[in-house]
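Visitor: here is a sequence with its predicted model. Questions after.
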Amino acid sequence: MRTRPGVPLKIGIIGVGAIGGALAAKWSSHGHTLRVANSRGPKSVTKFADEIGAVAADIRGAVEGAEVVLLSIPFPAVTTLPHDLFDRAADDVVIIDTGNYYPDVRDRRIPEIDAGLTESVWVSRQLGRPIFKAFNSILSHSLADLGKPEGSPDRLAIPVAGDDARGKQIVMGLVSQTGFDPVDGGSLEESWRQQPLTPAYCCDYGEAKTQEGIRAAIRGKAEMIRDTVWHEEYGRLFGDKPVAGADRHAEVIALNRSFNPL
């Protein structure tokens, strides 16, 4: 069964930036018990933790005793996590990866991924644990401000990929609690279908259109778009200015949709 209202989970969150922070606030408001952490130690997240009713921790403290662990850190930073971070975690701990690989923009090149390995499969191998891919294909403004109650006809959707049925249902329940319709994105290997610049990626689609986008993905096409036209169009629209929240949101969505019209 999916996570049900009134059934709290122990959730550890590593990384409280725009995505991790938004999810932490939403899940805390639903009664889950949260420990939050980042690479700089508990003191750096104490204020945020107090604001949302969570506990500030170091990364080991975030994992200890957790039923769900969210990794929302820069993509290559997974290699800097302690190699034994999950050694004492439960065998069935649900690990959610929100990361995306943007080589030559913010990330170093990773030869295995450049050779065709699915991004989250690479992350899973670094951790030595099975994981789930979710919350990587939604912009921070959408996640923070565009969620709607379950059953809303124009509710946006978020795909979830992973191999364990029980864990996937937990993640899909958490997606719904954040205000979005969960869509089954298939196995972890198939999570390439929701990687950057695929048809379902950061386009603010509902459930049906997100499913269509996942089916429409063509292996290798997103990487070609990313390394050519995306660089050109992104630079033309935004130059050296960072993409902010609501003020540039519509432009980012229109750009993403233009790469893979559905």
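Guide: On my side now, so go ahead.
Visitor: residue 39 is in contact with residue 77, correct?
Guide: Yes - using C-beta atoms under 8 Å, residue 77 makes contact with residue 39 at a distance of 7.3 Å. (C-beta placed from N, C-alpha, C; glycine too.)
Visitor: ok, residue 79 - contacts?
Guide: residue 126 (C-beta atoms under 8 Å, 6 or more residues apart in numbering).
Visitor: so which residues of the stretch 101-250 of the chain form strands?
Guide: Here the stretch 101-250 of the chain has its strands, by DSSP state E, counting those that start in this stretch, at 132-133, 157-160, 181-184.
Visitor: any idea how far residue 247 is from residue 107?
Guide: Per C-beta to C-beta, to the nearest Å, residue 107 is found 25 Å from residue 247.
Visitor: actually residue 32, not the one I typed
Guide: 31 Å.
Visitor: so, low pLDDT: which residues of this protein?
Guide: 1-6, 239-245 (pLDDT under 70).
Visitor: give me the residue at the spatial middle of it.
Guide: residue 98 (2.4 Å; C-alpha atoms, centre = their mean).
Visitor: how far is the helix or strand harbouring residue 96 from where the chain is centred?
Guide: Assessed by DSSP states H and E, residue 96 sits inside strand 94-97. Strand 94-97 sits 9 Å away from the centroid of its parent chain (C-alpha atoms, centre = their mean, to the nearest Å).
Visitor: equivalent analysis for stretch 88-100, please.
Guide: Centroid separation for stretch 88-100 versus its chain: 12 Å, with C-alpha atoms, centre = their mean.
Visitor: ranges for the helices of the stretch 151-262 of the chain?
Guide: Under the criterion DSSP state H, counting those that start in this stretch, helices of the stretch 151-262 of the chain are mapped to 165-177, 207-216, 221-225, 231-238, 246-259.
Visitor: among the strands of the stretch 101-250 of the chain, which is nearest residue 226?
Guide: strand 132-133 (17.3 Å; C-beta to C-beta).
Visitor: what helices or strands is the closest one leaning on?
Guide: strand 94-97, strand 157-160, helix 165-177 (3 or more C-beta pairs under 8 Å, 6 or more residues apart in numbering; DSSP states H and E).
Visitor: what packs against the longest one?
Guide: For helix 165-177, the packing partners by 3+ C-beta pairs under 8 Å, 6+ apart come out as helix 18-29, strand 68-71, strand 94-97, strand 132-133, strand 157-160, strand 181-184.
Visitor: format those as JSON lines; extra columns: distance to residue 126.
Guide: Below are these laid out as JSON lines (distance: least, C-beta to C-beta, whole Å):
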{"stretch": "helix 18-29", "distance to residue 126": "18"}
{"stretch": "strand 68-71", "distance to residue 126": "10"}
{"stretch": "strand 94-97", "distance to residue 126": "10"}
{"stretch": "strand 132-133", "distance to residue 126": "14"}
{"stretch": "strand 157-160", "distance to residue 126": "20"}
{"stretch": "strand 181-184", "distance to residue 126": "25"}
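Visitor: tell me the most buried of those?
Guide: strand 132-133 (a mean of 30; mean count of other C-beta atoms under 10 Å).
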